[in-house]
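Participant: using only what follows, build the 3D model:
(2 chains)
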Protein chains: 2
Amino acid sequence: MHIVTCAAPVNIAIVKYWGKRDETLMLPLNSSLSVTLNPVQLRAKTTVAISREFDKSRMWLNSVEQNIDNPRLQNVFREIKQRAYRCHSEKNNCGNREDMLNWHIHICSENNFPTSAGLASSAAGYSCLVSALAYLFGVDGEISDIARLGSGSACRSMYGGFVEWDMGRCNDGSDSVARPVASNEHWPELRALILVVTDDNKKTKSTEGMQKSVNTSELLKTRVERIVPHRINEIKEAIRDKDFDRFAEITMKESNQLHAVCLDTFPPIEYLTEVSRRIMNLVHRFNKLCGRTKVAYTFDAGPNACLFLLEEDVPRVLSLIRHFFRPVNSCFESFIHGLPIEVPRVTTDDVLTISMGIMPDTIQYVIYTNVGCGPQRLDDCDHSLLDEKGFPKRCR
Amino acid sequence: MHIVTCAAPVNIAIVKYWGKRDETLMLPLNSSLSVTLNPVQLRAKTTVAISREFDKSRMWLNSVEQNIDNPRLQNVFREIKQRAYRCHSEKNNCGNREDMLNWHIHICSENNFPTSAGLASSAAGYSCLVSALAYLFGVDGEISDIARLGSGSACRSMYGGFVEWDMGRCNDGSDSVARPVASNEHWPELRALILVVTDDNKKTKSTEGMQKSVNTSELLKTRVERIVPHRINEIKEAIRDKDFDRFAEITMKESNQLHAVCLDTFPPIEYLTEVSRRIMNLVHRFNKLCGRTKVAYTFDAGPNACLFLLEEDVPRVLSLIRHFFRPVNSCFESFIHGLPIEVPRVTTDDVLTISMGIMPDTIQYVIYTNVGCGPQRLDDCDHSLLDEKGFPKRCR
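Facilitator: Numbers count the residues shown, from 1 in each chain, chains lettered A, B, ... in the order given. Next comes the predicted model:
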C-alpha cells in the first residue's frame, strides 16, 4: 500500500470567477485572482492510499462515505493517471508505478472548519486531493489544471499568497492554469476576517447560478470582456505596491459587480442577505469615518463576508463587528476564532458616528486569519486519516 | 386675472431612465418607456393664476408654501414664456398675452395620494404645471420637453397610455421629447397594483443616485449603449401585440438591471429593501406556480413595488399580497384602495405552494389602478385650488 497525506488552503477570490465557457473542462469566461488564506485556520486535509488489495475505490468526506462516481471526481482521476503515465514514460520509469494506476484507491478527507461556514470547501478539497494524488503517482509539473477539473476555483488553492487563474485560450484547457502573483510573505500586514452569517435559506448553488447568469445576464458579457481584464491588471499593481486603499476598492467593486450580475440574471439570484448588506454598510460607514478605505468586504455565492484589512485596524473593526452583530448568549471568546487577538470594548464615539441599528445573533462567529501558503505534504503518519489497512481512522 | 386648472397622471417606467448626459437640460443617457396610470387613483392637480395685481410670484404645494426660486422651476418658467412669445409672434397675436408674460404668477398644486407613497410625484406635478401654463399662455405644439426641464420623467406624464421618452440627439434638448406609443384604450385588461412599503430609511435621491452611477458604474455604460435600445424595441412590440408574458419579463429584467447598476455604483446604492425582495420572490413563485408569467414587478428609487397584471388575475394576486404582507390591525377594506375589487380569501393550495414566510405589517396599503389618460384641463371653477383673488382655498 502506498499512502500520502496533504493539507491545502481555502482561497478567497478578489477578482471574481462567474461563468464558464466549458462546463466539462471547467474553463472560465474570465481570469480571476485570489488570496490564499492561512491553512492553520482553514484547510482541507486528505489522505490517499492505493493498494492491490483494495477491492473497490472508496471515498470518505468528513467521516461520511461518498459516492465516488461523480463525474468531476472521475475527470480528476482520469487526468492525473494520464499525466502519471506520460511522466513515467518520459522518464522510462514505468514499472511499479504504472502498475499502480490500475489499483483501487481509498480517499479520506476532512476540513478543520464547519461545512456550515459556507466557505468554498470544494476548492480546498480538490486542491488537496490533486496534490496528494500527484505525490502518490509521482506526477510533477503543472497540476493546477487538474484541480480545476474538480472545482474551477480549486486551481487557485494550488499556490500560496496571491494567485491568478488565467482563463487561458486553448479549447483543451491546457493553458487555463493558476499562477502565483506574490508569495504569502509579500504583504505581511494583510489580514482577513471571515464573518460566518446565520442563514437558513437554501441558496442557488454556484455552478447552477453561473450557468443561469451566462444564459440570461446581458451585463455579464460586458463584465467578462471589458471590465475584468482591466481589473486584474489594476489589482496586480495594487498588490505589488501594497496599496491597500486601491486593493480594497477594487475588491469591493468586484464583489458588488458579481452580485449586480446575479440580480441581472433572470429570474434574479440573491446571495446577499439583509445581514450581508448591513456588513457592507458598516464597512462603508467605517471607511467614511476614517476618511480612507481601511476595510474591504467581499462576498461569494452566499451571505458570509470576508473582510480584508491591515493588522493595525483589526482590534477596532472586531470591536464594531462584535457590537453590531454578535450572538447574545455567547461569550466574547467563542465569538472570535483563529489568530490570537485582544478585542477592546467598542468606543462610544465609533458607535455614535457609525449610527447603525444593532442586529444581534446574526453573525455566528468570526475567523481571524491571514495570507497563507499552498498545499503541503504531511509526512508524519500521525497526520494520516487512513489506518494501516487503508480505512478511515474515524468513521461514522 | 387669468386662471387655469389641470390634472396630470403619474407614470411608471418599464424601460428605466437612469443617468443624464446633461444635468441642466435634463437630457437622459437612454430612451425610456412608461405606462401612464389612471389619474382617478393617482394624479397631481394644479391651478395657475396670473394677474397684474399680484405683487410677487408664489407657489403652494399640498397646502404648504414653497420657495419658487428653485432652478428647475425657473427653467420651466423661462422656457414656457419663450415658447409663448414665439407662438404669439408667429400668429401676430401678441397684445394682451405678451403683456401677461411679465405679470406675477400664483401656483397651487396638490396630489390625491400621500407623499409618503414614495411615488414619483414630481413627474405628475411638473407635467401638470406645464400643461396648465401652456393653456394659460396659449402655447400649443410640443411641450413635453418643457416638462422635462422640471423633472426628466415628467415629460412621459404628458401623454396617456404607453409613452416613450426619446433620448434625442441634439445638444439643446429639442428632440428629447415624449411620444405616445399606444393609447390608454389599447390594452384594456392591463392593471397595476402599487404596493406602498413601510420604510423608515433615508434613501439616496434619484438625481444624486443617477449621478453617482454615471460616475462609477461601468455596467451602466453597456446598459445605455447596448441593452436599452434593444429593449425599447422589444417592449414596443410586446405592447403592440398585447403579449403579456413578454411585456412582464422585459419589465422585470429592466427593474432588476436598474438595481444591478445601483449595486455596481460605488459606494453601492440600495433602494430595494427586504420587503421589496420578498415581493419579487412572491411574484417569481406565483409565476412558477402558474407555469407562465402572470405578474411583473418594477421598482424605482425606493422600496415600493408596482405590479402589472391582467384584470382576471387581480383577485388571486391581491389575496396573496394580503396574506403575506398586510398590516395586522387594519381591516381588509382599508388595505386596498382604488378600483373596486372583491378579494377572496387566499387558498390553502396557493399558500402551501408559494411556501414563503409571512411578513405582517410590511406593506401599508395597495392602490389598485389601470392605464389612464394624459393631462386634462378642468374647466369647472369648483376644481380650482385658488380662490377668486388668486390665493389657495385651503392653506396651512
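Participant: name the next helix or strand following the worst-scoring helix or strand of chain A on mean pLDDT along the chain.
Facilitator: Lowest on mean pLDDT, DSSP states H and E among the helices and strands of chain A sits helix A:95-100, with a mean of 71. Remark: after helix A:95-100, the chain's next helix or strand is strand A:104-111, criterion DSSP states H and E.
Participant: now the helix or strand just after that following strand: mean pLDDT?
Facilitator: The C-terminal neighbour of strand A:104-111 among helices and strands, as given by DSSP H and E, is helix A:121-137. If you average the pLDDT over helix A:121-137, you get 95.
Participant: which other helices and strands contact whichever helix or strand comes after helix A:121-137?
Facilitator: Where DSSP H and E defines the elements, the next helix or strand beyond helix A:121-137 is helix A:144-150. For helix A:144-150, the packing partners by 3 or more CB pairs under 8 Å, 6 or more residues apart in numbering or on different chains; DSSP states H and E come out as helix A:71-90, helix A:121-137, strand A:178-182. In this view, the C-beta of every residue, glycine as well, is placed from N, C-alpha and C.
Participant: for the following helix or strand past helix A:144-150, list the C-alpha coordinates in CSV.
Facilitator: Proceeding N to C from helix A:144-150, the next assigned helix or strand is strand A:162-165, under DSSP H and E. As requested, the backbone C-alpha atoms of strand A:162-165 are provided in CSV (Å, rounded to 0.1, in the frame of the first residue of the first chain):
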residue,chain,number,x,y,z
PHE,A,162,-1.8,36.0,-4.2
VAL,A,163,-2.8,33.8,-7.2
GLU,A,164,-4.1,34.5,-10.7
TRP,A,165,-6.2,31.9,-12.5
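Participant: what pairs with strand A:162-165, parallel or antiparallel?
Facilitator: Here strand A:162-165 has these sheet partners by DSSP bridges: strand A:32-36 (antiparallel), strand A:178-182 (antiparallel).
Participant: CSV for the ones you listed, including mean neighbour count and mean pLDDT?
Facilitator: Supplementary listing: the strands paired with strand A:162-165 in CSV, determined by neighbours: other CB atoms under 10 Å in any protein chain shown; pLDDT from 0 to 100:
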stretch, mean neighbour count, mean pLDDT
strand A:32-36, 29, 98
strand A:178-182, 20, 98
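Participant: out of those strands, which gets nearest to B:N30?
Facilitator: strand A:32-36 (30.7 Å; CB to CB).
Participant: and that closest one, how far out from the chain's middle?
Facilitator: Centre-to-centre, strand A:32-36 and its host chain are 8 Å apart (CA atoms, centre = their mean, to the nearest Å).
Participant: one more: stretch A:321-334?
Facilitator: On the basis of CA atoms, centre = their mean, stretch A:321-334 sits 25 Å off its chain's mean C-alpha point.
Participant: show me what it is in contact with.
Facilitator: Under the contact criterion CB atoms under 8 Å, 6 or more residues apart in numbering or on different chains, stretch A:321-334 has outside partners A:193, A:195, A:275, A:278-279, A:282, A:335-336, A:343, A:346, A:351, A:354, A:356, A:358-366.
Participant: one more: stretch A:194-201?
Facilitator: Residues from elsewhere that reach stretch A:194-201 (CB under 8 Å, 6+ apart): A:37, A:42, A:116-119, A:273, A:275-276, A:279, A:302-307, A:321, A:325, A:361-367, A:369.
Participant: can you tell me the helix or strand for the closest residue to A:I367 other than its chain neighbours?
Facilitator: For A:I367, ignoring the flanking residues on the chain, the nearest one in space by CB to CB, 6 or more residues apart in numbering or on different chains is A:I194 at 4.1 Å. In this assignment (DSSP H and E), A:I194 forms part of strand A:190-197.
Participant: over to A:V48. Which of the three states is it?
Facilitator: strand (DSSP: H, G, I helix; E, B strand; the rest coil).
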